[in-house]
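1. With the input below, show me the fold.
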Amino acid sequence: MPGFVEIDLVGHEGGNSQGEFCFTLTVTDISTGWTVNRSVRNKAQKHVFEALLHVMEVFPFPIIGIDSDNGSEFINHELLRFCEEQQITFTRSRSGNKNDGAHVEQKNWSRVRELVGYQRYDSPEELALLNQIWELDRVFTNYLLPQQKLLHKTRKGAKVIKVHDRPATPHQRAVAHPEMKKMPVIRMNGQFKKIRVMALSQQILGLTGNLERLSISKSGSSARQARKASH
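-> Below is the predicted model:
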């Protein structure tokens with residue numbers, strides 16, 4: 001049933017975990033693959049909770065179940081109380097079992113790392129750019145990017161055979177789902193009709209380019225300052 005999501009955080013530390021740096025919250029619907037990202041300045045509980053509220057506002061259908069890992073940014077009284085008040089089922093993965101969050105883990109790679117890379121993002125300017133990218137990418141990913149879901153896999157000796165369904169966008173999966181309500185379908189179809197594919201792609205490309213240049217420029221400035229300090 002649509003509305004049961006997995007959530008996870010991706011760190012943008014750039015290989016250096018010292019100090020404060022941005023994180024991206026990824027929220028993926030298990031049934032349709034619908035994915036929304038939102039970046040925060042750090043993984044403090046209050047920032048992550050605010051990001052989750054934003055994601056829920058822009059999701060085209062209600063979130064009725066949340067599954068997270070065991071991080072304190074998720075496992076806390078504030079989120080638990082909110083889920084109880086909103087009658088949202090809240091579960092967590094087993095410690096050390098990454099496969100419990102396989103849907104969102106896959107999106108961490110395909111919709112975060114492949115788009116904004118592994119650089120360090122830790123400034124307000126970079127945070128703003130990240131969230132501009134995610135606002136556009138949620139349209140591109142959910143309405144224009146066909147995905148395949150694993151149906152089942154079998155092992156024959158050392159070989160694993162995987163069988164996937166036919167490619168479909170999260171939008172197509174959502175509107176075709178028999179349990180989807182009428183109003184979310186109307187809203188999604190209305191949004192789809194407004195998309196200008198080339199303009200959207202160019203906007204995303206421009207923003208990711210700006211983000212990369214900002215990160216490189218910042219790193220170069222830091223290196224120059226370090227060299228000056230050493231002399």
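2. Distance from the chain centre to stretch 109-127, please.
-> 11 Å (Cα atoms, centre = their mean, to the nearest Å).
3. name the element the nearest residue to L207 once chain neighbours are set aside belongs to?
-> Leaving aside its sequence neighbours, L207 sits nearest to I133 (Cβ to Cβ, 6 or more residues apart in numbering; 4.9 Å). No exception for glycine: its C-beta is placed from N, CA and C like everyone else's. Per DSSP states H and E, I133 falls inside helix 124-144.
4. Any buried residues in that helix, and which?
-> 126-127, 129-143 (16 or more other Cβ atoms under 10 Å).
5. so how far is R166 from the residue nearest to L207?
-> 29 Å (Cβ to Cβ, to the nearest Å).
6. do the same with A174
-> Where R166 is concerned, A174 sits at a distance of 15 Å (Cβ to Cβ).
7. what does E105 give?
-> With Cβ to Cβ as the criterion, E105 and R166 are 23 Å apart.
8. The two: which has the busier surroundings?
-> Legend: neighbour count by other Cβ atoms under 10 Å for E105 and R166, higher for E105 (17 against 8).
9. name the element the residue positioned nearest the centre of the chain belongs to?
-> The residue lying closest to the centre of the chain (Cα atoms, centre = their mean) is T26, at 2.6 Å. Applying DSSP H and E as the criterion places T26 in strand 23-29.
10. these two touch, right, N108 and V10?
-> Yes: between N108 and V10 there is a contact at 5.1 Å, judged by Cβ atoms under 8 Å.
11. what's near enough to touch I161?
-> 153-155 (Cβ atoms under 8 Å, 6 or more residues apart in numbering).
12. what's the helix or strand for it?
-> Going by DSSP H and E, I161 is part of strand 159-164.
13. next SSE after that strand?
-> helix 170-176.
14. can you list the residues that contact that following helix?
-> For helix 170-176, using Cβ under 8 Å, 6+ apart, the contacting residues are 2, 29, 31-35, 60-61, 141-143, 145-147, 168, 180, 184-185, 188-189, 192.
15. Can you tell me which of those residues are buried?
-> 2, 29, 31-35, 60-61, 141-143, 145, 147, 168, 180, 184-185, 188, 192.
16. among those residues, which are in strands?
-> Residues of those located in strands (DSSP state E): 29, 35.
17. Counting neighbours, what do you get for H171?
-> For H171, using other Cβ under 10 Å, the count is 24.
18. An error on my part: the question was meant for T154.
-> Neighbour count for T154, taken as other Cβ under 10 Å: 9.
19. So it belongs to a strand, correct?
-> Yes: under DSSP: H, G, I helix; E, B strand; the rest coil, T154 falls within a strand.
20. Report the spatially nearest residue to it, omitting neighbours in sequence.
-> Nearest to T154 is I161, by Cβ to Cβ, 6+ apart, at 5.1 Å.
21. Quick check: pLDDT value at A229.
-> Looking at A229, its pLDDT is 39.
22. Okay, now the unreliable bits of the protein?
-> Residue ranges of the chain with pLDDT under 70: 94-101, 220-231.
23. Helices of this structure, residue ranges please.
-> 45-58, 77-86, 102-107, 114-116, 124-144, 170-176, 182-194, 197-230 (DSSP state H).
24. ok, now how distant is the nearest residue to L129 once chain neighbours are set aside from G117?
-> In space, and not counting its chain neighbours, L129 is closest to L211: 4.5 Å by Cβ to Cβ, 6+ apart. As judged by Cβ to Cβ, L211 and G117 stand 9 Å apart.
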